[in-house]
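Q: Here's a sequence, model it:
(3 chains)
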Amino acid sequence: MARYVVKRLALALLTLFLLSIIIFFAGQILPGNPGRAILGPFAAQSAVRALDHQLGLDRPLVVQYWSWIWDALHGNLGTSYEYRAPVSSFLVPALGRSLKLAVVAFVIVVPLGILGGVVAALKRGKMIDRVITVTGLSLSTVPEFVSGIVLIVLLAIVTKVLPVTADAPPGSSFPTQLRYLILPAIPLVFILFGYIARMARAGTIEALDSDYARTAVLKGLPRRVVIWRHILRNSLLPTITVIATQTGYLIGGLVVVEDLFNYPGLGRLIFTAATDKDFPMLEAGVLVIGVVYLAATLIADIVYTVLNPRIRLGGSDQ
Amino acid sequence: MSRMGAEALTVPPAPSSPKAAPEGAAGAIDVSAKRIRREHLGQLLKSWSFRIGGAVLLFWIVCAIFGQAISPYGPLDQNLLLVNAGPSGAHWFGTDSLGRDVLSRVIVGSRDILVIAPIATLLGTALGAAVGLVQGYFGGVVDNLVGRVVEAVLALPVIIVAFLFVVAAGPSTSTLIIVIGVVFALLISRTVRTAVLQERELDYVAAARLRDESSVHIMFVEILPNVLGPIVVEFTVRLGYAIFTVATLSFLGFGVQPPTPDWGADIAANSGYLAAGYWWETLFPALAIASLVVAVNLVSDSIEAVVNQ
Amino acid sequence: MTLAAPPPTGNAVETDSALEVSHLDVCFSVRGTDRQVLRDVSFEIGRQESFGLVGESGCGKSTTALAITRYLARNGRVAGGFISVNGQDVGSLSSEGLRRLRARTISMVYQEPGRALNPSIRVGRQLAEVYEISGVAKREAMDRAEKALGTVQISDPGRVMRAYPHQLSGGMLQRVIIAMALAAEPSLLILDEPTTALDATVEAEVLELVASLRQEFRTSVLFISHNLAVIAKMCDRVGVMYAGEIVEQGPAREIFDQPRHPYTVGLLRCVPRRGHRKDHGRLDTIPGFLPAPGTTETGCIFVARCVIATERCRLEAPPMYEVNASRMSRCHYFERAPELPRTTPEEVAEQSTGQSFEHFAEPVMRLRGVSKTFGSHGEKVRALVGVDLDLYRGETLGLVGESGCGKTTLARVLMGLTPADEGSVIEMDNEPVAPTVSRRTREHLRAMQIVFQNPDSALNRRHSVRRIIGRNLTKLTGLPRAKREERLLEIVRSVRLEERHLPLRPAQLSGGLKQRVAIARAFAGSPKVLVCDEPTSALDVSVQAAILNLLADMQSREHITFVFISHDLGVVRYLSDRIAVLYLGRVVEYGGAETVFSGTHHPYTEALLSAVPTLDGTKRDRIRLTGDIPSPANPPSGCVFHTRCPRRLASGICESAAPALLEVEDGHMMRCHIPLAQLRQAQNEESPGGPTAPGPTGASCVDAG
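A: Below you'll find the predicted structure:
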């Protein structure tokens, strides 16, 4: 098992390395000269060249990549072209805000999605199953900004139940902050609910149809015990992995939701950096997203391994 | 010995139904491919989700093709005397901040998304199937290498990968198609690879190698027809995502550019007026997107249910 | 009189029968239409009686068992008749009543022990659960569970209690499940193909265990199997099922000695028995095919395949006739059934020269020191170790051994699908053959073909029969187009397919026909050597016989060399001229088929032969193996068989030194430290019938695993 974890970690690092290369070189093909972008269209060509030199942009790409990654490893993510300040001073608070929003969404959706999926599986083919499945599917396919608009119209404009913006006034209490975050979290919840419910349903159905479930039922165990002890233990294990991979979609969703609700999180930061061609900010932001995603899947894999005796113990596989 | 008694006590067998084919006698089991296909189609047409989804999808396809002809106003026609007007008899969906008819823009706005998404998905499916076949069939180093790169790219949300590339190449229809196609190809290749890995272990592949078939023949003539099922399902599912992605990119300003009518772009342009209470300018395009993606997913879900049963 | 059909009793009444199934009809709804899979099934199991249900796949045996426990698939329902267990009507029980019935009265043992236990709960917990249901405290339940493991002869219960299912072997798991089933001391124990997924030696152990526990627990048993010999060994009475009906029932001995239904007669004749060999004559077959599930016939269900059927059989469904006080047959002409005419002529068209292989003749293929090592996670698994074999023209070499012995690896190495280790020598006509397919010459590719075990895997399901066979002709023969078509038709006819099968896809053919297509494809390039890897083990007995006949015919006509792999000793003996016995990737015995089977055997061969149950019920349990096959990744020291060998020498040489494969008598090689004379003496002493008696009767039918 320790060997598995080490191997998995090494793979994650390799992926991260590849990712950093991809991000760096993607940044290079973005059109527009940074020096020109910073100094404006009327600056002299020599000034632009001087600034490029100052920024180190006239060095070979490999050297540039190396110094970028070396600095990044030491916590220095570079200096924003746009704000002339260290990227991390923007990135860290933005990441914090995004995590807050993501946590609210996860706390709502994970229990709801699992419950929905399990209930649908237990009532397979019945009305409630159809309702959960079709609702989940429909919700998960509507883009966040679409459901966001509909929700704003319904909850903030027509009924005025919730505030339109996501960022609570500074110094607000925790419940107030939470109240501001609910509306932007709902579009994310919608998207994730469908996926999680679908996986939980499929896993539960597979377990229900398994031979060991038959053994448990024919032993004469009460239904309650069969479901809690024999079914859920096996069916929810794969769902863990799914939840982790959903962090990827979640971050993609954050870009949109933060833009729509004007919430200064990581998504909005990256979005603005891309429109402003603020490469250091953009590259650092995207890299952070990759790290978060890889960390989430890595943790999920390890949790899965710990909970699954087949992998944990190995042994003669008959 | 009372045979009569025996017969009296025996439950008579059920009357033979006229539909039961004389399969035993024929020696061949009557599950002809044609019959299965017909049965599948019948089942599809019977399912409500397919009917509703199909109808809505058809409606939007009609709008995309004949949009200009059936829309009440020109989608670009501005009426500066009537800006931000609420829904009325003349303008069912109201007008936007430039006085353009929202209904007309919603109808014509279906066009670009319904051109870009299917073509991008088709491109992604073809490319992804080819990559997945090669990866799954050859395995080893090729598989590992491609797999790592795919993994790295997919560590980023699709939307972010897409907009990075659009920023690099500049927004245009062909950029969108290529970007979405390539990203989807990576996703689809993973599914196809898994299917191919299973097929590769089957003995018909060994039999082909034993008669000296080339790898290309084995991949495309022997294996490909057997993994078409998952590929078709991937296509329909990804089509939904493609619409999702195009709409989102347009909303973020990386897709279809104004003033061309487009749902996502129109929502972005008018969302600032929401707080002022002009909800119709964004709500109707939003509902249009929602109806289209849900329709596509209802259709793909019912196709998947029939293919996988 | 006729079938006693008591009226459905309402509630629990003290009865003499543990189980009563009466006029049971079961339907499955498939895509909106009902298909009847059980029709008028009636039988009774008395207290402490053991009743067997036997039949080919899809005949409704398992459905019957699941109907008894009321655990039919979601689309299934009981459409008529009733089931009563201990006098309780199963159909009318409340859900709590049903749960109690399952907890206390009925228990079940399943076909695949590896899947019947929860993969994420320790074995001990799962077993203790059964005691907890009846209100025993957790601590005591664990103690009792551990004791129960002792009852099923598990030597270290403590370790097994703590293990997860994936850490135990199939045989061990099946013991655990048997312990679980007996924990509640049920009055009815249902065993659904309990040994089908197990190897012969393990099967013998499990069957023995069940037989002894049945006495101890005084349980009634419903034993379900496709294997006639297993049923004959385990059951007092038996019901033969065909296409959802019980066609014959009565005492097991009588049914197998004097069958009174044409289906039972045919089934028994299909099985190669008592040392029957290809040069003694062809096997009899049952013509035609199983009707598709849910097919309804006005007349007799078997009519399409029955040789003695008349107009009456077509029009009038036969009732259960009483043959005598204890037997019933669902045939209008049950008196005539024993004289059923053969459907396949016995005589061999062209007499091949059975035993007379010539030693001086050059072998077609020669294998020297063929090894195969798989490396996984730094662990070396030696699947084949120094195999030396010769293949002679027109002869069959049978490869036998338990699962994991390397049979299939050897087949794949021969074909070049898995490359042999460096230093292995494979020669054809004294020319070296390249280790991998991609480097073999066209000539070598053409000369060697294979028939795989599972035609569903071996035939491309998207290609037509014409394309499957035709492509091999195109690639291997180089015939001009017109000639190819001619040759295609010739091959198709020679495997007794018809022209109308050519445009069909594999899914449209029955299992037997699919295997014929695979054989036709293999013959397309007129190979010199044909490897048959368990070619009949995915097929039912009635189909198996026809395929074996076909292979024997094609061999005697074209003088092809066969390498025939099977776990079924009867089948191997029928077709083989020489036999190689493999254990842990090593050839432990090699020689003429009759020498190996009827002469003095290697202790392992002896154990294999002893493990096979026989249809005639003679006891041949001379030696028995215990324990599981060691892992090839970590083989035992010395002679690899010493850990399980019942004839191990006291001197300790078996543990310390690996014996060589030596010629112990003319053309008979053996890998054993025990001198031949000593072996012969030991084997003759314990076998009352002398050296010729212990022939395999090959009663094992089809292996579903």
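Q: Enumerate the positions of stretch C:383-393 that are buried.
A: C:383-387, C:389-393 (16 or more other CB atoms under 10 Å in any protein chain shown). For every residue, glycine as well, the C-beta is placed using N, CA and C.
Q: got those as CSV, with pLDDT, secondary structure and distance to chain B columns?
A: Shown next, in CSV, are the buried residues of stretch C:383-393 (pLDDT from 0 to 100; DSSP: H, G, I helix; E, B strand; the rest coil; distance: CB to the nearest CB, whole Å):
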residue, pLDDT, secondary structure, distance to chain B
C:A383, 91, strand, 17
C:L384, 93, strand, 18
C:V385, 93, strand, 24
C:G386, 92, strand, 25
C:V387, 94, strand, 21
C:L389, 93, strand, 20
C:D390, 92, strand, 23
C:L391, 93, strand, 18
C:Y392, 92, coil, 23
C:R393, 90, coil, 21
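Q: What confidence value was assigned to the residue in chain A positioned nearest to chain B?
A: As assessed by CB to the nearest CB, chain B sits closest to A:G252 within chain A, at 2.7 Å. A:G252 carries a pLDDT value of 81.
Q: show me the contacts for B:G94.
A: B:84-88, B:102, B:278, B:280-281, B:284 (CB atoms under 8 Å, 6 or more residues apart in numbering or on different chains).
Q: The residue of chain A closest to chain B: helix or strand, and which one exactly?
A: helix A:237-261 (DSSP states H and E).
Q: now do C:E685
A: Counting by DSSP H and E, C:E685 is part of helix C:676-686.
Q: can you pull the buried residues of that helix?
A: Neighbour-count burial for helix C:676-686 [16+ other CB under 10 Å]: C:679-680, C:682-683.
Q: Contact residues of the stretch 101-250 of chain B facing chain C?
A: Residues of the stretch 101-250 of chain B lying near chain C by CB under 8 Å from any CB of the partner chain: B:202-204, B:206-213, B:222, B:225-226.
Q: Can I get the buried part of those as one ChimeraX selection?
A: To isolate the buried subset of these in ChimeraX, counting by 16+ other CB under 10 Å, use the following:
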select /B:202,203,204,206,207,208,209,210,211,212,213,222,226
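Q: Helices - which of the residues of the stretch 101-250 of chain B next to chain C land there?
A: Among those, the ones falling in helices (DSSP state H) are B:203-204, B:206-210.
Q: where does the stretch 1-150 of chain A have low pLDDT?
A: A:1, A:29-41 (pLDDT under 70).
Q: beta partners for whatever residue of the stretch 551-700 of chain C ends up closest to chain B?
A: Going by CB to the nearest CB, chain B is nearest to C:I565 of the stretch 551-700 of chain C, at 13.8 Å. Under DSSP bridges, the beta-bridge partners of C:I565 are C:L399, C:D533.
Q: Please report the distance of it from C:R412.
A: Separation of C:I565 from C:R412 (CB to CB, to the nearest Å) stands at 11 Å.
Q: ok, now A:I231?
A: 39 Å.
Q: Of those two, give the one with the bigger neighbour count.
A: A:I231 (26 against 19; other CB atoms under 10 Å in any protein chain shown).
Q: Report whether the host helix or strand of A:L13 contacts chain C.
A: Assessed by DSSP H and E, A:L13 sits inside helix A:2-29. No: using CB under 8 Å from any CB, helix A:2-29 stays clear of chain C, with a minimum separation of 8.6 Å.
Q: Nearest residue to the middle of chain A?
A: A:T247 (2.7 Å; CA atoms, centre = their mean).
Q: Hmm, A:G253 is touching A:I186, no?
A: No: counting by CB atoms under 8 Å, A:G253 stays clear of A:I186, with 11.2 Å between them.
Q: mind giving me the domain ranges of the chain?
A: Chain wasn't specified; assuming chain A. A:35-76, A:88-316 (automatic domain parsing).
Q: actually chain C
A: Using automatic domain parsing, chain C is parsed into the domains C:45-71+C:93-248, C:255-339, C:353-453+C:521-583, C:599-700.
Q: Pick the most deeply packed of the domains of chain A.
A: Mean neighbours per residue, mean count of other CB atoms under 10 Å in any protein chain shown, is largest over the domains of chain A for domain A:88-316, with a mean of 20.
Q: quick one: is it near chain C?
A: Yes: Domain A:88-316 is in contact with chain C by CB under 8 Å from any CB, via A:124-125, A:210-212, A:214-222, A:229-230, A:233-234, A:237, A:307-310, A:313, A:315-316.
Q: Could you list which of those residues belong to helices?
A: Reading helices off these with DSSP H, I get A:211-212, A:214-218, A:233-234, A:237, A:307, A:309-310, A:313.
Q: Would you reformat these as TSV and include distance to chain B?
A: Listed next are those as TSV, based on distance: CB to the nearest CB, whole Å:
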residue	distance to chain B
A:D211	21
A:Y212	23
A:R214	21
A:T215	26
A:A216	26
A:V217	24
A:L218	27
A:R233	25
A:N234	21
A:L237	19
A:L307	23
A:P309	24
A:R310	20
A:L313	26
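Q: Please, which helix or strand holds B:F163?
A: Taking DSSP H and E as the definition, one finds B:F163 inside helix B:158-169.
Q: tell me which residues of that helix are tucked away?
A: B:158-169.
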